[in-house]
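*Asks:* below are the sequence and a predicted model; questions follow.
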Amino acid sequence: MVCNFEQTAPVCLRYPALSFRVKSLTGFPPGVLTPPAVEHLGDPVAGQAQADALTAYTYYQGLTGATGITSPLDGQTLTPGLYKAASSLALSAGATVTLNGNGTYIFQIGSTLDIAGTVVLAGGAAAGNVIWLVGSSATLEETAIAAGDIVAQASITFDDGAALAGRAIALTAAVTMIDNAITTVDTVPSVYWAYNTEGDKILTSPAFSLDGTQVLFVQTDGVQGSLVLLKWAPSTTETTGSPATLTRVTRSSYPTCTAPCMTTALLKAAGGTADDDATSSAFYDYSNDTAYVGDNSGWLHKFTPVLNGVLTEVRTHGWPVQVNPGAPTALTTPIHDSASGNVFVEDVGGYLYLVDSTTGAVTPSAQLDFGVGFVQGPIVDSTAGLVYVFASSDGSGSCSDGANCAAVYEFDTTFIAGAAGLKVVVGNSTLSGTLPNPMYIGAFDSTYENSENGTGNLYVCGDTGGPP
């Protein structure tokens, strides 16, 4: 990818893994775009690429904890990590810098980057995992053989003969090339690490720590579920077919264990009975270091601390709480609302529940799903104070030929017991007595996501009575 974001109506020439964005496209013709190359000039594709590049630059330049690095890089061997040069960074002609090891290499450069030598990749290092963040301009001299993505605030200049395995992205000025070889390096997904966590099944989605070094998820042995915390370490030998086997450490030992390591907490009802979980992912509240997990018997569990202390389940003040003790069914993924402090969770029985995150007090809605029940958690808009749920059948019999309807319901984040919300029909379901397909959650468009008052569109696959 070679990019220039100086203009308001950019050009983008898109390949399967290579794009060129420049203020004005010169040299084409006589240069030829060979299919599948496509030019995008001032269109949404080009605009989105510009926005994404700026987001990436801001994020990676903002990372903290970098190791200081000296210039020039001549003769240095570096392992994966975050590196920072306060001012300029250079690699001399005829010299090499070796990036040794499978992992990510991020270089934060205060001003200019000047590469005249060779960037050597060894020990599993890949050009697609190397990022050069340049505070001003970058120059690749004629003897340069570089690797990685170069994202510069100003210009990027390729002297005649310079080569790059990667991308060149100039945020505010030009990318200039003269007879250069630029090779695409979009990396093919590979296994960075793989673990057998005691042979249990993981049927739901994981969550991650903010720094990405820890994972939390729920696994099941078919009888009892458990919340798992895992610290990972990169490996060049582990595969999905040959994962490493991790042995649990105690919860008290986990905060100081050396990666890779893991610990677990079994899911148990208030009375101590083992409970399984095959439908609820763990929801992690980053602000309060708290995790919420539902189980197959309708119990909602609360854990705190989680990643920043010794993993502990709250078993006081009403926790864990069985949201519908009269007719318990499996719960979906709970969602904590940072604004109201409430936790919202659904069940297979077709109800939405508001649970006070402190006291465990439960407020149920009216029955909303009369089909297969809820299979995914709700969507919570904390800013607008709204909750959205997605029902496979509303039980109304008011759609085509007497069929029930698929529906989306909107609730306030402080709804009262028995509330039915505001319903919008999104297609046909089935006749009562015939189970429909599940209704999965939808997604809001960028207009809604960027608004401050919940204005925009919600997209959902309806018609649960047939093909959506």
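*Replies:* Arrived safely.
*Asks:* please make it C-alpha for all contacts and neighbour counts, starting now.
*Replies:* Noted.
*Asks:* quick one: residue 114 and residue 58, what's the gap?
*Replies:* 21 Å (C-alpha to C-alpha, to the nearest Å).
*Asks:* which one's more surrounded, the two?
*Replies:* residue 114 (19 against 12; other C-alpha atoms under 10 Å).
*Asks:* now do the SS call for that one.
*Replies:* strand (DSSP: H, G, I helix; E, B strand; the rest coil).
*Asks:* endpoint to endpoint, stretch 202-218 covers what distance?
*Replies:* 6 Å.
*Asks:* stretch 202-211 too?
*Replies:* So stretch 202-211: terminal residues 22 Å apart, C-alpha to C-alpha.
*Asks:* for that stretch, buried residues please.
*Replies:* 202, 206, 207, 208 (16 or more other C-alpha atoms under 10 Å).
*Asks:* please name the bridge partners of the last one.
*Replies:* Going by DSSP bridges, residue 208 is paired in beta bridges with residue 215.
*Asks:* that one contacts residue 214, correct?
*Replies:* Yes: in this structure, residue 208 is within contact of residue 214 by C-alpha atoms under 8 Å, at 5.8 Å.
*Asks:* and for those two, which residues touch both?
*Replies:* Common contact partners of residue 208 and residue 214 (C-alpha atoms under 8 Å, 6 or more residues apart in numbering): none.
*Asks:* want to try CSV for the buried residues of stretch 202-211, with pLDDT and distance to residue 463 as columns?
*Replies:* Shown next, in CSV, are these (pLDDT from 0 to 100; distance: C-alpha to C-alpha, whole Å):
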residue, pLDDT, distance to residue 463
202, 93, 30
206, 95, 29
207, 95, 31
208, 93, 34
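*Asks:* now, among these, which is nearest to residue 355?
*Replies:* residue 207 (21.2 Å; C-alpha to C-alpha).
*Asks:* contacting residues for the closest one?
*Replies:* 215, 216, 217, 282, 283, 284.
*Asks:* among those, which pair sits farthest apart?
*Replies:* Top of the distance list for those (C-alpha to C-alpha): 215 and 283, 11.8 Å.
*Asks:* any weak-confidence spans in the chain?
*Replies:* 1-42, 185-190 (pLDDT under 70).
*Asks:* which parts of it belong to which domain?
*Replies:* Domain assignment for the chain by automatic domain parsing gives 2-183, 191-322, 332-468.
*Asks:* so how far is the helix or strand hosting residue 151 off the chain centroid?
*Replies:* Taking DSSP states H and E as the definition, one finds residue 151 inside strand 145-152. In terms of C-alpha atoms, centre = their mean, to the nearest Å, the gap separating the centre of strand 145-152 from the centre of its chain is 25 Å.
*Asks:* and stretch 120-129, what's buried?
*Replies:* In stretch 120-129, counting by 16+ other C-alpha under 10 Å, buried: 120, 121, 125, 126, 127, 128, 129.
*Asks:* which residues are in contact with residue 399?
*Replies:* 405, 427, 428, 429.
*Asks:* ditto for residue 69
*Replies:* 83, 84, 85.
*Asks:* now do 10 Å
*Replies:* 76, 78, 82, 83, 84, 85, 86, 89, 107, 108, 109 (C-alpha atoms under 10 Å, 6 or more residues apart in numbering).
*Asks:* and residue 241, by the same measure?
*Replies:* Applying C-alpha under 10 Å, 6+ apart, the residues contacting residue 241 are residue 194.
*Asks:* name the SS class of it, please.
*Replies:* coil.
*Asks:* pretty sure residue 367 is touching residue 389, no?
*Replies:* No: applying C-alpha atoms under 10 Å, one finds residue 367 not in contact with residue 389, separated by 11.7 Å.
*Asks:* show me what the longest helix along the chain is packed up against.
*Replies:* Looking across the chain with DSSP state H, the single longest helix is helix 44-61. Judged by 3 or more C-alpha pairs under 10 Å, 6 or more residues apart in numbering; DSSP states H and E, the packing partners of helix 44-61 are strand 2-4, strand 11-14, strand 19-21, strand 38-41, strand 105-109, strand 130-134, strand 145-152, strand 163-170.
*Asks:* which helices and strands does the following helix or strand past that helix pack with?
*Replies:* In the C-terminal direction, the helix or strand that comes right after helix 44-61 (DSSP H and E) is strand 67-68. Contacts defined by 3+ C-alpha pairs under 10 Å, 6+ apart place strand 67-68 against strand 81-85, strand 105-109.
*Asks:* any chance of the ones you listed in CSV, plus mean neighbour count and distance to residue 377?
*Replies:* Listed next are those as CSV, based on neighbours: other C-alpha atoms under 10 Å; distance: least, C-alpha to C-alpha, whole Å:
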stretch, mean neighbour count, distance to residue 377
strand 81-85, 19, 36
strand 105-109, 23, 36
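*Asks:* residue 235 is nearest to which of those?
*Replies:* strand 81-85 (14.9 Å).
*Asks:* ok, and what's touching that closest one?
*Replies:* Under C-alpha under 10 Å, 6+ apart, the answer for strand 81-85 is 60-61, 63-71, 103-113, 130-134.
*Asks:* distance from that strand to the middle of the chain?
*Replies:* 24 Å.
*Asks:* and stretch 263-277, by the same measure?
*Replies:* 28 Å.
*Asks:* number the chain from 19, please
*Replies:* Yes, from this point I'll number from 19; that puts the last item at stretch 281-295.
*Asks:* if we can go back for a sec, which of residue 233 and residue 301 has more residues huddled nearby?
*Replies:* residue 301 (23 against 17).
*Asks:* narrow the contacts of residue 417 to those in helices?
*Replies:* Per DSSP H, the subset of the contacts of residue 417 in helices is empty.
*Asks:* distance to residue 247 added to those residues, as JSON lines?
*Replies:* Conversion of the contacts of residue 417 to JSON lines gives the following (distance: C-alpha to C-alpha, whole Å):
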{"residue": "423", "distance to residue 247": "41"}
{"residue": "445", "distance to residue 247": "41"}
{"residue": "446", "distance to residue 247": "42"}
{"residue": "447", "distance to residue 247": "40"}
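*Asks:* by neighbour count, which of those residues wins?
*Replies:* residue 447 (35 neighbours).
*Asks:* doesn't residue 412 make contact with it?
*Replies:* Yes: counting by C-alpha under 10 Å, residue 447 does reach residue 412; the two are 8.2 Å apart.
*Asks:* what is in contact with these two at once?
*Replies:* Joint contacts of residue 447 and residue 412 (C-alpha under 10 Å, 6+ apart) are 389, 421, 422, 423, 424, 425.
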